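Asker: take this sequence and fold it.
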Amino acid sequence: MDQPKVERMLRLMMLLAGNRNYTINDLADKLETSYRSIYRYIDTFKEAGFVVHKSGEYYHIAKESPFFKDISQLVHFTDEEAYMVNRLIDGIDDTNVIKQNLRRKLATIYSISSIADVVVKSENAGNVNALIEAIQEKKQVILKDYASSHTGKVADRKVEPYKFTTNYISVWCYDLADGKNKLFKTERMASVQVTDKDWAHEKDHNAGYMDIFRYSSAETEEIELRLSLRAKNLIEEEYPLSGKFITREDDGHWILKTQICSPFGAARFIAGLPDDVQVLKGRKLKKCLRDFARKLADIQ
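Answerer: Down below sits the predicted model:
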């Protein structure tokens with residue numbers, strides 16, 4: 001079997017084992033081959049013992065397939081890790097053959113611009129696989145003993161899961177108890193029970209945005225910060241994705257322009273560097289900082 005064919009089959013296996021739904025034509029377009037070849041590859045997987053399910057026009061490798069657990073537990077990169085890996089690779093001289101090989105191999109395996117789209121930690125694989133199944137089958141689930149940092153309580157949550165974040169660490173769900181879209185962390189779920197009840201609120205599903213400070217919401221506010229060199233270095237170390245939104249203003253200052261979901265993440269960072277960060281734009285952020293200052297002033 002020639003190398004390009006092997007690479008296409010490996011990439012196809014990754015696509016079929018993921019949480020997205022693809023038609024035969026979708027797969028053919030992504031792998032830049034014919035739909036007939038996709039059918040042949042799928043037949044090869046079946047002969048090797050994989051269970052390939054077809055739901056309507058969409059195909060995926062069933063989780064009961066031999067080796068599925070091994071595939072689903074492959075360690076990938078988070079968005080931040082992918083960004084840092086890209087920066088590290090960019091730092092290698094363009095003539096270095098190692099740089100070229102890294103780019104080629106990573107692109108072959110993951111086939112997306114960010115190097116990787118998801119991360120599945122081994123301890124979360126069971127929860128993630130159950131959620132993938134529920135999303136594909138449009139089923140409600142019970143998040144057993146979910147430990148909420150917001151309420152400080154551990155309780156079961158009945159939800160409709162519909163979209164993972166780009167790293168599989170969290171999943172967007174419609175919470176049936178209060179009728180709101182929320183983000184739940186997979187590591188805070190003791191287990192996931194897929195029920196036999198279909199989604200009842202699909203029209204209300206609305207995944208929000210996750211900002212560089214790792215807050216999520218359906219609504220955002222644009223902020224603009226002037227950073228000293230110290231602040232620029234610290235924010236890129238603590239929140240690597242911020243580097244995408246930073247531009248140089250002059251020899252000693254940089255400008256960060258981005259959307260935030262909540263002012264608290266940015267405010268906490270700024271509160272630790274009051275002499276190194278100037279807020280140029282962000283009404284809610286400025287109010288949050290004023291509230292912080294008042295509370296600190298009240299401390300005896």
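Asker: and stretch 212-226, how far out from the chain middle?
Answerer: Averaging C-alpha coordinates over stretch 212-226 and over its chain gives two centres that are 16 Å apart (C-alpha atoms, centre = their mean, to the nearest Å).
Asker: and it, what's buried?
Answerer: Judged by neighbour count using 16 or more other C-beta atoms under 10 Å, the buried positions of stretch 212-226 are 212-213, 215-217, 220-221, 223, 225-226. For every residue, glycine as well, the C-beta is placed using N, CA and C.
Asker: swap in stretch 45-53?
Answerer: Taking 16+ other C-beta under 10 Å as the basis for neighbour counts, the residues of stretch 45-53 that come out buried are 45, 50.
Asker: quick one on the thing from earlier: ok, so of the buried residues of stretch 212-226, who is nearest residue 145?
Answerer: Of all the buried residues of stretch 212-226, residue 216 has the smallest distance to residue 145: 22.2 Å, by C-beta to C-beta.
Asker: tell me what that closest one is bridged to.
Answerer: residue 210 (DSSP bridges).
Asker: dump the residue contacts of it.
Answerer: Residue 216 is in contact with 165, 170, 183, 208-210, 261, counting by C-beta atoms under 8 Å, 6 or more residues apart in numbering.
Asker: let's have these in TSV, adding neighbour count.
Answerer: What follows is the contacts of residue 216, written out as TSV (neighbours: other C-beta atoms under 10 Å):
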residue	neighbour count
165	21
170	20
183	18
208	18
209	13
210	20
261	21
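Asker: pLDDT and distance to residue 129 added to those residues, as JSON lines?
Answerer: What follows is those, written out as JSON lines (pLDDT from 0 to 100; distance: C-beta to C-beta, whole Å):
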{"residue": "165", "pLDDT": "74", "distance to residue 129": "16"}
{"residue": "170", "pLDDT": "82", "distance to residue 129": "16"}
{"residue": "183", "pLDDT": "88", "distance to residue 129": "19"}
{"residue": "208", "pLDDT": "76", "distance to residue 129": "24"}
{"residue": "209", "pLDDT": "80", "distance to residue 129": "26"}
{"residue": "210", "pLDDT": "81", "distance to residue 129": "22"}
{"residue": "261", "pLDDT": "90", "distance to residue 129": "28"}
